[in-house]
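J.: quick one, structure for this:
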Amino acid sequence: MMTLFQIYTTIFGIFESTLQRSLHLLFAIVLSFMICRVSKAKDPRVPWYDLIFIILALASFGYVVVNSGDIASRLAYVTPLTGVEMVVGVVGILVLWEASRRMLGRAFAIIMAAFLLYALFGQHLPGMLRHRGYDLGWVIDHVFYTTEGILGIPLGVSATYIFIFILFATFLEKTGAGDFFNQVSLALMGRFRGGPAKTAVVASGFMGMLSGSAVANVVTTGAFTIPLMKKLGYKPHFAGAVEACASSGGQFAPPVMGAAAFIIAEFTGIPYIKVAAAAAIPALMYFFSIGLQVHFRAIKEGIEGLPRDQLPSFTKEFAKGFHYVLPLVALVYFLIAGYTPLKAGLYAIVTLIIVTFARNPRFIKPVDFLKIFEASARTILEVAIACAAAGVIIGIISLTGLGLRLSTLIMSLAGGNSFLALLFTMVTAVILGMGLPTVAAYIIQAALLVPALVQLGIPLLAAHLFAFYYAIISAVTPPVALAAYAGAGVAGADVNKTALTAFKLALAAFIVPFMFAYGPALILIGEPIEIVSAACTAFVGIFALAASIEGWLVKRANLLERILLFAAALCLIKPGISTDTAGIALIVLAFILQKFRKSEVKNEVKSNLPGGVF
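T.: Model prediction:
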């Protein structure tokens, strides 16, 4: 039913925003209580206490659906809430809190509860945290009945754009696109040094872009890539870490970016296609870094590629599944042509269905459509609940002015130093994002931290992408590195060792946001010559970072050489003649030291980069 509702509104037009969002959320909450049980028992019957929650959800959010016209037209804070509306609001928020606890985990539920308590009792707190005080009616009005809270922009994006792209990703997965891209990637890169690991970087990055869930992608794609990496000679913890970083990083990659690009576009007012284009160079830098580290590790440990007779044929695999490329081409075409993301996603799905039937009319049966619809509805649950629950937090931040207070605090602690301000923002963002789904983490950071970045003079899009990067990278940042833990489970490796390795592999994602914060040309803000120049020096910096982390340039690097390379990477963060010159000079110095140093290990491979990267 939920999928049919979403398809109907995509084809025939979106309902009024309050109705569209509340109905979308009603479906999501009811389904979450039916699917995500407190008890682990396999009884197909819904427990009595979940039935109570379902009834309460139908009563509270059903009230909003039925009265959506009146709610949308009423004067918030001026028209007093009736007793019924107060009860409905309280019940609705409590039901949403329980749904978020089940779907998103205790960490998010605690954060949501803390913000609600802050709204009600923050007037008693000391210093900058104190606000003027709001009674229960005011908080309910703002959070539950206006588009500043639960029914705000994030839920609106979930109820429109995100669902259609989840449906598109599910169609791709169920029709076999995942296997196609795995096999094609392996055919292209499997014979090179460390080929299966590079296959994981490409294939997992692609599927992570579509799915938007790092953990789910690690478990599915990792079942194919991790055993291959282990077979080739990579240690289990490294194989699990590579998969975790690639799956997480897929959300950096345009055009879909795990569906978060739509929320960024709505928050900033910047067209979606421009957001996706702006993310391209930073995403390439991230995957370039992981690819280099995989390559350096293969050289250090003497890991070769797979024999040709163990590789699939590129020609055969591409001929067998080239039709999977056509929907992606159609998606990009319609976006560039100016169609809305909603229509572009719909036309991409139609293209996929047509080419799949043309290729094999029996490939998708009517029952398969039902399975795809069910899988899509299950996938959207976490996103919808996250968007609605994060809306509570956003509403309280806007009501109390907490975002501006935090911005003032960060600027005060930094003493006007932009680097320190960015550093404090990064640390706060990573902590806030730990254990949370990417969408929820980004929404909270956009409300709390982006104002501080804009106050620093950072362009709005760069500020949002800065927050977005750290929302994603928290999935591989210890101690709550959920994607890395999933990779460790698939690889049969130590979880802490895998998490630390993933953190090192993903270190570029901690530096890249600083690069485009200081040099917006990396996100296509500037003249063409500035963009090309910034990209070139940034990729050199990423090369230096990867070489420093893995301890390899043209041979095994000693401590001094690794320090020089890391310092070079730091210099190249901030664009400018002096910093670029210093960074490149340090790389050259490390290279000269290696050339004139006797080899510490016999038979070291003397392959120079970039020719041997892939």
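J.: chain center to stretch 480-491, what's the gap?
T.: Relative to its chain's centre, stretch 480-491 lies at 16 Å (CA atoms, centre = their mean, to the nearest Å).
J.: do the same with stretch 288-304
T.: Mean C-alpha position of stretch 288-304 versus that of the full chain (CA atoms, centre = their mean) differs by 25 Å.
J.: neighbouring contacts of it?
T.: 193-194, 197-198, 201, 232-234, 238, 242, 245-246, 249, 504-508, 539, 542-543, 545-547, 549-552, 556, 605, 607, 609, 612-614 (CB atoms under 8 Å, 6 or more residues apart in numbering). Every C-beta, even on glycine, is put in place using the N, C-alpha and C of the backbone.
J.: contacts only, for the most centrally placed residue in the chain.
T.: For the chain, Gln251 is the residue whose C-alpha lies nearest the centre (CA atoms, centre = their mean; 4.0 Å). Contact analysis of Gln251 by CB under 8 Å, 6+ apart lists Gly208, Met209, Gly212, Ala214, Met257, Gly258, Ala260, Thr438, Ile472.
J.: by neighbours, which of those wins?
T.: In terms of neighbours by other CB atoms under 10 Å, the contacts of Gln251 top out with Ala214 at 33 neighbours.
J.: distance of it relative to Tyr333?
T.: Distance from Ala214 to Tyr333, counting by CB to CB, to the nearest Å: 28 Å.
J.: am I right that Arg193 falls within a strand?
T.: No. Counting by DSSP: H, G, I helix; E, B strand; the rest coil, Arg193 is not part of a strand but coil.
J.: where's the closest residue in space to Ile336 that isn't next to it in sequence relative to Glu530, distance?
T.: Once flanking residues are discounted, Ile336 sits nearest to Ile273: 6.4 Å by CB to CB, 6 or more residues apart in numbering. Distance, Ile273 to Glu530, using CB to CB: 21 Å.
J.: between these two, tell me which one has more neighbours.
T.: Each of Ile273 and Glu530 has its neighbours counted (other CB under 10 Å); Ile273 has more, 21 against 16.
J.: the bottom helix or strand of this structure by mean pLDDT?
T.: Lowest mean confidence among the helices and strands of the chain (mean pLDDT, DSSP states H and E): helix 195-211, at a mean of 80.
J.: which neighbouring elements make contact with it?
T.: Judged by 3 or more CB pairs under 8 Å, 6 or more residues apart in numbering; DSSP states H and E, helix 195-211 is in contact with helix 163-174, helix 177-189, helix 214-232, helix 236-249, helix 280-300.
J.: helices and strands around the helix or strand following the last one, which ones?
T.: Read it as helix 280-300. Next helix or strand after helix 280-300 toward the C-terminus (DSSP states H and E): helix 314-321. With contacts taken as 3+ CB pairs under 8 Å, 6+ apart, helix 314-321 sits against helix 177-189.
J.: the helix it packs on vs helix 195-211, what angle?
T.: Interaxial angle of helix 177-189 relative to helix 195-211 (axes from the mean of the first three to the mean of the last three CA atoms, to 10 degrees): 150 degrees.
J.: state the mean pLDDT of helix 177-189.
T.: Helix 177-189 comes out with an average pLDDT of 85.
J.: circling back: adding distance to Tyr339, write the helices and strands packed on helix 195-211 out as TSV.
T.: As requested, these are exported to TSV (distance: least, CB to CB, whole Å):
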stretch	distance to Tyr339
helix 163-174	12
helix 177-189	22
helix 214-232	27
helix 236-249	27
helix 280-300	20
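J.: just these: most buried one?
T.: For these, the stretch with the most neighbours on average is helix 236-249, a mean of 32; neighbours defined as mean count of other CB atoms under 10 Å.
J.: relative to helix 214-232, how tilted is that one?
T.: 140 degrees.
J.: for helix 236-249, name the packing helices and strands.
T.: On a contact count with 3+ CB pairs under 8 Å, 6+ apart, helix 236-249 meets helix 195-211, helix 214-232, helix 280-300, helix 460-473, helix 482-491, helix 495-505.
J.: mind giving me the domain split of this protein?
T.: Domains of the chain are assigned by automatic domain parsing as 2-153, 154-524, 526-614.
J.: most tightly packed of those?
T.: domain 154-524 (a mean of 22).
J.: residues making contact with stretch 502-512?
T.: In contact with stretch 502-512 (CB under 8 Å, 6+ apart) are residues 240-242, 244-245, 248-249, 252, 282, 285-286, 288-290, 293, 426, 469-470, 472-473, 476-478, 481, 483-484, 487, 538, 541-542, 545-546, 549, 569-570, 573.
J.: please redo it, this time with the cut-off set to 6 Å
T.: 241, 244-245, 282, 285-286, 289-290, 293, 469, 473, 476-477, 484, 542, 545, 549 (CB atoms under 6 Å, 6 or more residues apart in numbering).
J.: now do it, average pLDDT.
T.: Rounded mean pLDDT across stretch 502-512 is 93.
J.: cool, and stretch 48-63?
T.: On average, stretch 48-63 scores 94.
J.: what residue ranges in the stretch 501-614 of the chain score low on pLDDT?
T.: Confidence mapping of the stretch 501-614 of the chain against pLDDT under 70 gives the ranges 598-614.
J.: now do the strands in it.
T.: In the stretch 501-614 of the chain, no segments count as strands under DSSP state E, counting those that start in this stretch.
J.: and the helices in the stretch 51-200 of the chain, which stretches?
T.: Applying DSSP state H, counting those that start in this stretch to the stretch 51-200 of the chain gives helices spanning 68-73, 83-104, 106-121, 136-144, 153-157, 163-174, 177-189, 195-211.
J.: which one of the ones you listed lies nearest to Gly321?
T.: Of all those, it is helix 177-189 that lies closest to Gly321, at 3.5 Å by CB to CB.
J.: tilt between that closest one and helix 314-321?
T.: Helix 177-189 and helix 314-321 meet at an angle of 160 degrees, taking the same axes, to 10 degrees as the criterion.
J.: any idea of the angle helix 177-189 forms with helix 280-300?
T.: Helix 177-189 runs at 60 degrees relative to helix 280-300, counting by the same axes, to 10 degrees.
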